[in-house]
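Peer 1: need the 3D shape of this:
(4 chains)
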Amino acid sequence: MKIGFYPGCSLTGSSREYNESLLAIAKEAGIELVEINDWNCCGATAAHNLNKELSLSLPARNLAIAESEEMDELVVPCAACFNRLVMTQHELSEKKDLKKVISEKLQMPFKNEIRILNVLQFLEKHIVPRLDQLVKSPLEIDVACYYGCLLVRPQNVMKSERFEDPMSMDTIMQKLGANPIDWPFKTECCGAGFSISKTEIVGELSGKIVRNATGRGAKAIVVACPMCHSNLDMRRPAIDSYLNMKMDIPVIYITQAIALAMGLTPRQAGIQRHFVPVNLTVNR
Amino acid sequence: MSKIGVFICHCGENISATVDVARVAEAAGQLEGVAFSTDYKYMCSDPGQTMIKQAIKENGLNGVVVGSCSPRMHEPTFRKACQEAGLNPFMCEMANLREHCSWVHDKSEATTQKAIDLVRTLVEKVKLNKPLFSIQVPVTKTALVIGGGIAGIQASLDIASAGHQVILVEKDPSIGGHMSQLSETFPTLDCSQCILTPRMVEVAQHPNIKLMTYAELEKLEGSIGNFKATIRKKAKSIDEDLCNGCGTCTTKCPTKKIPSEFNTGLGMRTAIYVPFPQAVPNKPVIDKENCSYYQKGKCKVCEKVCPTGAIRFDQEDELVELEVGAVVIATGFDIMQPSGFPEYGYGKYKDVITGLQFERLASASGPTLGEIRRPSDGKIPEKIVFVACAGSRDPAKGVPYCSKICCMYTAKHAMLYQHKVHHGKSYIFYMDIRAAGKNYEEFVRRAIVEDEVNYIRGRVSKVYEENGKLIVKGVDTLLSAKPVEIEADMVVLASAAVANPGAEALAQKMHVSYDSYNFFSEAHPKLKPVETNTAGIFLAGACQAPKDIPETVSQASGAASKVIILFSKDELSRDPLIAVVNRSPAPVFSTCVGCFMCASACPYQAIGEELITNRQGKVIKKVAKVNPGLCQGCGTCVAFCRSKSIDIQGYSNEQMCAEVIALLNHE
Amino acid sequence: MSELIKKAAALLESKSVQVVIGYGKGTGNRTRTIFATQVTECENLIFDSRCVQNLAVYLTKLEIKKLGKPAIVAPVPVLRSILQLAVENQITESDLVILGITSESELIDFESFAAIETFLTTHKIEIEEKYTKTIDAIKAMPVAERFAYWVKELESCFKCYACRGACPLCYCTRCTVDDNQPQWISVASHPLGNLEWHIMRAMHLAGRCTDCEACYNACPMGIPIHLLTKSMLQDVADNFGSYGPSLDKQNTLSSFKPDDKESFIR
Amino acid sequence: MTEFEPKIIAFVCNWCTYAGADLTGTSRIKYAQNVKIIRFPCTGRIDFMLLLKSFGEGADGIIVSGCHPNDCHYTSGNFHARRRWIMFRGLLDMLGIDVRRIQYSWVSAAEGFKWADIVNSTVNTIRELGPYTEYEKVAGYLEKEANQ
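Peer 2: Predicted coordinates for the structure are as follows:
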């Protein structure tokens, strides 16, 4: 089986550590992730509000390339990219006429049959079964698993049963030795796209998330989306100013958590790249 | 020589809007064997039917095709019209030009052409139709009512009062159903038990009603007028004739901490128990799962204290076979399982409860004797949030429909709370207020205006606990259009009304249709709301769809009257669409070779043997024979028969072949 | 086979049976069926590897039935057919005497049909590898090519119905191919009629065929129609477990399991 | 050139799929005109010979549909039908008759949407496969003879 890999823009920029840690744990588990050749923008945020055909063509081109490279699965770690790719696949499989139109635009064969995995699905399928052997230094801390909006939605496409109270990340963290706390902000909005335009809204929304996680005793927030990470980590000044106090809870990617539990070095996990310093060894 | 009449209906504009009906009639008129063809605005109307009758008489028609709606709608109408004109009713067929053509296609040449094709197909079939005569079967004038809630109680009483025997089967130890659990009822606020229990007693005392509680339907065979039902009477571990209902056993039973089903887990019961004080019959059963004797082999306290020696530990389930002529299904509904909404914390937080649990809290016979006290610490809640549409109208929860009763009972709950806790504050998150019903809207107004219940239009996204309070996060979509958070002491979820978990299996046992939510399907959404697609089986109450008490009672009486109509005659006619083994001249007698594969395939054991003998009485041949009383006309045997020796009347090999050829060969 | 002759003669002598159906010497190196009604005729009975006709076909024929109660020489393929005919209520134990012959050419008696079934459990139908290979090769062809292959193969069929006549399980009083109300199958031996006839024949043998190859052996044109029934035998095994006649097992097509698996129904 | 309009015949049972197709109508869900229904009491009644006849009479595609397993109005007609379809499909496949041209489905009385979907997707499939010329050629032999 050939597993493709679509990084998207974030993983090559603001969330390089997500990329590094994902590739590191895949390597550790003996899984090859093949980056698809000449990939392009997924069209997240703007395209689907402006130009329907463009917003479908952009992801479709990436899917078609993956098909042409004979990949069976395509891992898309960024939740926003994943959402665009999955929605495109869903819409084009529902609407055959539209698929014809898009296929013509792509000017390459396009079956629309590749299996797209988000990071949690990838981990569940390929990494979790090998964790028993791979976990070297369990993370014995309380963590808050934060899913955000795009990983589990929309419900009718993702077919997730617990889309208001997902558990998949919690289960993985448990396998790493951590104790995922029971908390109500798993899928609350972090402020998402307002990160740049209206930072104070992010401060309020992300602030409530950070406060609740801290209040319930979590020592780290675990995420699986570059946007969530930016808002919770990079926007800490806005958060602190909304909460009127300094919050020091670190925010890590699930892949980083796995990397650390596998005994990889902090540098291999890329945790030096965060704004809020990460020190998970405190309560070991 | 075929002289077929073709009658094309406009159905107002339902057909004529997309199909060129005049062209269809014209094209039909040119078909070989068609002697008369016309179109008309409403074929099913009196003038329409008269037109058919006249045409039959004037043209000596020997076959009729009506191109109109689905035969599932009006086949009986037109067959009857033909009969009145002296034509055998089974010489009439219908082409489905509405449901299968005009309603599903846009106006176009292709649509008209399809209508012509459908009519031609049925014309070719009807040419091969043969006059058939209804089969008379005797009617067993006993009704089986399944479910002893208010629907089953009402239906039983009505049928029994008309003078017929009724067997009422209830799966729980007592009849009464959900209605017996309710505190007070909207919109009058009269006490549910006060109006229900007299009816329950009436059932117990009625000479025509045989009550079987703690019993379930195991099997149903046969057909309208002559069903054979097998009932499993679960072992109650009690000799009901000896038990005098004194209740000593239930007070002495040492296993006392079993969550009471009747009190929705808010109260406790013993292992030998009567579900509630007014139960009918007022005799206990032993819950084997929780009884120390059954589980550990020790105890028998009940046996020791029983003054009449009525305890029977060795009692076993009993299967009872009953002959019945009609069945009323009145199995009610259930509420959505708490696992359905983890975001509301049901099951995680003790003070998040369902509407049904609130009924028990508010009920004078409930675990708090009618005081609103929250389950966690028994405190009187100062602030309650009610969440309407908890699951309902939410496709993501698998319940896209409206549960219909929640708007009203939530208003009632808030009202009852305000009446009992004057200084308390109540909030209702709602999507829309659906209060269509006599005095319903006025009732909701009263809750808002007089009892000052705070209605917030918006949905709740999350309920979580913080500092001993339940934080309800929702949105107010009207005035502020902003997220709201309410710190509540208790949250009541108006959980969606869903089909009973056993509904699907029951439907399959009885071969009645059910919808995608496992509610039983009525035969027609408007005109046959109490019938099922299986003749002789009727529906009453919330097993068909969520409904409130008045509606349930009306439907139950409706179902009862259908049963009474059925029982008004000693015999009923059945369609003769059954299988027949052929006969041919000697020395062949029948092409059947007697392999009896048809017999092993028949779902009704309707195929037996027939010995063909010569004049001296010597057996020449053994062939299959269909018992017309048992055959239901599925035709499975027909498709099996290699030598085509068995055929089904009305769907014969010749007819089906003719249809295939006609359908595929136009121009 | 002096023992066979002795046994047959004794049966006729004692009037236990009125006719012995068996193999005899034919023209050239071939064998033919003989119907011995006299003790003396029994001497003509032979049995060797050339005796491949399925004699069970005569058990249901009216002309043979008229001769009286038969004894039948029954090597393994015939035994299978006898068992299937018993399953289909065409013969009863008292109707005939079975002169069973094992694959080692030894005589064997059967007290009952059940005894035949027990015996056959050690002689299961096995489709030879050369056939499975051919079937696989045909199935591997592109669909249009496969169709063309069969149309070509069936082209030479002239509807002599020898296949039907040779098959012990084609015992219908009136074959549906002869039914004209309705006309199920196009009459003449043109491609459509041939195709329909052979589909119907195969379907009517679905779950019943005991793989005796009598149809193929009888075909004057050598059309490989036995590949159709063999392929269906494989389908029976793949979808419903074992194949082969059995007295207490329902016939494949007149029985079902609620959890029968398929992958093509939406 | 006009687009190829496939001729598709549907064999459906009275209790589930026929009623389901009625529901498609009452719900006013649109579908292609190419499919025309013949009503049977039960899928158990649907003789494989009728399917064969349909191809012989020029059908490009066939839909066979009835009650879901366990839902048969007659208890088990659909179970028998399913076995028969499994065997028939295998035989047709062996003979090179294109099994993609026969769509089997379970459509209940409540599945009006599903019926429309089955119809439309079958019409699309048959449209892509094109007219069944291979079979027509075989069937057309008769006509040619008659015309001479």
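Peer 1: in chain D, what residue lies closest to chain A?
Peer 2: D:Asn124 (6.4 Å; CB to the nearest CB). Heads up, the C-betas are built off the backbone N, CA and C, glycines and all.
Peer 1: quick check: which element contains that residue?
Peer 2: helix D:112-129 (DSSP states H and E).
Peer 1: in that helix, what's buried?
Peer 2: For helix D:112-129, burial by neighbour count (16 or more other CB atoms under 10 Å in any protein chain shown) applies to D:112, D:114-120, D:122-123, D:126-127, D:129.
Peer 1: take those and write them to TSV, including pLDDT.
Peer 2: Shown next, in TSV, are the buried residues of helix D:112-129 (pLDDT from 0 to 100):
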residue	pLDDT
D:Gly112	94
D:Lys114	96
D:Trp115	97
D:Ala116	96
D:Asp117	95
D:Ile118	96
D:Val119	97
D:Asn120	95
D:Thr122	96
D:Val123	96
D:Ile126	96
D:Arg127	94
D:Leu129	94
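Peer 1: buried set for stretch A:12-30?
Peer 2: Result for stretch A:12-30 [16+ other CB under 10 Å]: buried residues A:14-15, A:17-26, A:28-29.
Peer 1: which of those fall in helices?
Peer 2: A:17-26, A:28 (DSSP state H).
Peer 1: so B:Glu184 touches B:Cys194, yeah?
Peer 2: No: when contacts are counted by CB atoms under 8 Å, B:Glu184 is not listed as touching B:Cys194 (9.3 Å).
Peer 1: just give the number of residues close to residue 207.
Peer 2: Just going to use chain A. For A:Gly207, the count of nearby residues is 25 (other CB atoms under 10 Å in any protein chain shown).
Peer 1: let's do chain C instead
Peer 2: Neighbour tally, C:Gly207, other CB under 10 Å: 22.
Peer 1: that one should be in a helix, yeah?
Peer 2: No: under DSSP: H, G, I helix; E, B strand; the rest coil, C:Gly207 sits outside any helix and is assigned coil.
Peer 1: how about it, nearest residue that isn't a chain neighbour?
Peer 2: Excluding its sequence neighbours, the residue lying closest to C:Gly207 (CB to CB, 6 or more residues apart in numbering or on different chains) is C:Thr252, at 2.7 Å.
Peer 1: correct me, but that neighbour touches C:Phe240?
Peer 2: Yes: at 5.7 Å, C:Thr252 and C:Phe240 qualify as touching, with contact defined as CB under 8 Å.
Peer 1: that older thread, specify which member of the ones in helices among the buried residues of stretch A:12-30 is nearest to B:Ser495.
Peer 2: A:Tyr18 (40.0 Å; CB to CB).
Peer 1: so how far is A:Ala79 from the nearest residue to the closest one once chain neighbours are set aside?
Peer 2: Spatial nearest neighbour of A:Tyr18, excluding adjacent residues (CB to CB, 6+ apart): A:Tyr253 at 4.9 Å. Per CB to CB, to the nearest Å, A:Tyr253 is found 11 Å from A:Ala79.
Peer 1: got it, and B:Cys101?
Peer 2: Counting by CB to CB, the gap from B:Cys101 to A:Ala79 is 47 Å.
Peer 1: B:Glu184 and B:Cys194: which is more packed in?
Peer 2: A count of neighbours by other CB under 10 Å puts B:Glu184 above the other of B:Glu184 and B:Cys194, at 22 against 12.
Peer 1: got the contact list for the closest residue to that one other than its chain neighbours?
Peer 2: Sequence neighbours aside, B:Cys191 is the residue nearest to B:Glu184 in space, at 5.6 Å (criterion: CB to CB, 6+ apart). Going by CB atoms under 8 Å, 6 or more residues apart in numbering or on different chains, B:Cys191 touches B:183-185, B:364.
Peer 1: of all the residues you listed, which comes closest to B:Glu58?
Peer 2: Each of the contacts of B:Cys191 was checked against B:Glu58 using CB to CB; the closest is B:Thr185, at 60.5 Å.
Peer 1: and that closest one, how many neighbours does it have?
Peer 2: 20.
Peer 1: and for it, nearest residue in space, chain neighbours not counted?
Peer 2: Counting by CB to CB, 6+ apart, the residue nearest B:Thr185 is B:Ser192, at 5.1 Å.
Peer 1: next up, the contacts around that neighbour.
Peer 2: B:Ser192 neighbours (CB under 8 Å, 6+ apart): B:179-185, B:363.
Peer 1: look up how far chain D lies from it.
Peer 2: Here the criterion is CB to the nearest CB, to the nearest Å. By it, B:Ser192 lies 32 Å from chain D.
Peer 1: likewise B:Asp548?
Peer 2: 23 Å.
Peer 1: that residue contacts B:Ala435, doesn't it?
Peer 2: No: using CB under 8 Å, B:Asp548 is not in contact with B:Ala435; the gap is 11.2 Å.
Peer 1: what touches both of these two?
Peer 2: By CB under 8 Å, 6+ apart, B:Asp548 and B:Ala435 have these common neighbours: B:Met408.
Peer 1: follow-up on the earlier one: quick check: of the contacts of B:Cys191, which lies closest to chain A?
Peer 2: Using CB to the nearest CB, these come closest to chain A at B:Ser183, 30.3 Å.
Peer 1: ok so, going back, overlap in contacts of C:Thr252 and C:Phe240?
Peer 2: Overlap of the contact sets of C:Thr252 and C:Phe240 (by CB under 8 Å, 6+ apart) consists of C:207, D:83.
Peer 1: so who does the closest residue to D:Cys72 other than its chain neighbours touch?
Peer 2: Leaving aside its chain neighbours, D:Cys72 sits nearest to D:Asn78 (4.4 Å; criterion: CB to CB, 6+ apart). Contact analysis of D:Asn78 by CB under 8 Å, 6+ apart lists D:13, D:42-44, D:66-69, D:71-72, D:106.
Peer 1: quick one: the strands in the stretch 401-550 of chain B?
Peer 2: Taking DSSP state E, counting those that start in this stretch, the strands of the stretch 401-550 of chain B run over residues B:425-430, B:454-457, B:460-466, B:469-476, B:482-488, B:490-495, B:497-499, B:537-539.
Peer 1: buried sites along the longest one?
Peer 2: Of the residues in strand B:469-476, those buried by neighbour count under the rule 16+ other CB under 10 Å are B:470-475.
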